[in-house]
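Visitor: have a look; sequence and predicted model below, questions after that.
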Amino acid sequence: AQSVSQHNHHVILSEAASLELGCNYSYGGTVNLFWYVQYPGQHLQLLLKYFSGDPLVKGIKGFEAEFIKSKFSFNLRKPSVQWSDTAEYFCAVNAGSARQLTFGSGTQLTVLP
Amino acid sequence: GAGVSQSPSNKVTEKGKDVELRCDPISGHTALYWYRQRLGQGLEFLIYFQGNSAPDKSGLPSDRFSAERTGESVSTLTIQRTQQEDSAVYLCASSLGSGNSPLHFGNGTRLTVT
């Protein structure tokens, strides 16, 4: 069965700091990878996704993620965070023929002004 | 262009009572998912509907949980004889149905069992 690990439960950064949130999955075959974000009081929404091709994908609001197949990782990055990036971030995997997404436990990001 | 709508937004119920949660997916979305999010935890898959195919119920935690969906419309998630451990946010999502289609989530129903 597929599983997703997000190692950081809570990350606190100051504005303009660089961000990297870890995500590792366990599945040896073809995967579709996603990052979702939940801003305070809002519903979950898609941040970016990887299906195939260039392993470095760009998302909304300056976020990017790199798929490293050899490491089973899909880490989320942003060069300079803003206070408005305060949210909970979820990594998700859709592997093989499975239709449901398997989500990680989430990382709460707090950006201090 | 409405998004996924869930009702009620909040539900407080006594232990042992039955509850019914409703989800209106985005029009045209053939796939519908239910997830559960307990406090401080990730999203736990419950059930998946795709068109008229048999639903994937592999995530339902017990036989107290059931869900229905008629065609590609509204879905209801029913929890019978609620227990305190059922307290969570229940999230519904819909998508166009292919394996790489992103999910569109509703705001969830926060269920509290007292």
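Guide: Yep, that arrived.
Visitor: up against chain B, what does chain A have?
Guide: Counting by Cβ under 8 Å from any Cβ of the partner chain, the residues of chain A lying close to chain B are A:4, A:6, A:32, A:34, A:36, A:42-46, A:49, A:51, A:90, A:92, A:94, A:97-106. Just so you know, the C-beta spots here come from the backbone N, C-alpha and C atoms, and that holds for glycine as well.
Visitor: so residue 111 is in which element?
Guide: Answering for chain A, as no chain was given. Per DSSP states H and E: residue A:111 is located in strand A:107-112.
Visitor: switch to chain B, please.
Guide: Secondary structure here is read from DSSP H and E; on that basis residue B:111 sits in strand B:109-113.
Visitor: hmm, which of the residues of chain A next to chain B are the buried ones?
Guide: Buried residues within the residues of chain A next to chain B, counting neighbours by 16 or more other Cβ atoms under 10 Å in any protein chain shown: A:4, A:6, A:32, A:34, A:36, A:43-46, A:49, A:90, A:92, A:94, A:98-106.
Visitor: in strands, which of the residues you listed appear?
Guide: A:4, A:32, A:34, A:36, A:45, A:46, A:49, A:90, A:92, A:94, A:102, A:103 (DSSP state E).
Visitor: dump the residues you listed to JSON lines, plus distance to residue B:6.
Guide: Compiled in JSON lines, those are given as follows (distance: Cβ to Cβ, whole Å):
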{"residue": "A:4", "distance to residue B:6": "24"}
{"residue": "A:32", "distance to residue B:6": "25"}
{"residue": "A:34", "distance to residue B:6": "21"}
{"residue": "A:36", "distance to residue B:6": "17"}
{"residue": "A:45", "distance to residue B:6": "15"}
{"residue": "A:46", "distance to residue B:6": "18"}
{"residue": "A:49", "distance to residue B:6": "23"}
{"residue": "A:90", "distance to residue B:6": "18"}
{"residue": "A:92", "distance to residue B:6": "19"}
{"residue": "A:94", "distance to residue B:6": "22"}
{"residue": "A:102", "distance to residue B:6": "21"}
{"residue": "A:103", "distance to residue B:6": "18"}
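Visitor: as JSON lines, those residues with distance to residue B:104 and pLDDT would be great.
Guide: Below are those laid out as JSON lines (distance: Cβ to Cβ, whole Å; pLDDT from 0 to 100):
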{"residue": "A:4", "distance to residue B:104": "20", "pLDDT": "93"}
{"residue": "A:32", "distance to residue B:104": "16", "pLDDT": "90"}
{"residue": "A:34", "distance to residue B:104": "12", "pLDDT": "94"}
{"residue": "A:36", "distance to residue B:104": "11", "pLDDT": "96"}
{"residue": "A:45", "distance to residue B:104": "8", "pLDDT": "92"}
{"residue": "A:46", "distance to residue B:104": "8", "pLDDT": "93"}
{"residue": "A:49", "distance to residue B:104": "13", "pLDDT": "93"}
{"residue": "A:90", "distance to residue B:104": "14", "pLDDT": "96"}
{"residue": "A:92", "distance to residue B:104": "13", "pLDDT": "93"}
{"residue": "A:94", "distance to residue B:104": "15", "pLDDT": "86"}
{"residue": "A:102", "distance to residue B:104": "18", "pLDDT": "89"}
{"residue": "A:103", "distance to residue B:104": "15", "pLDDT": "92"}
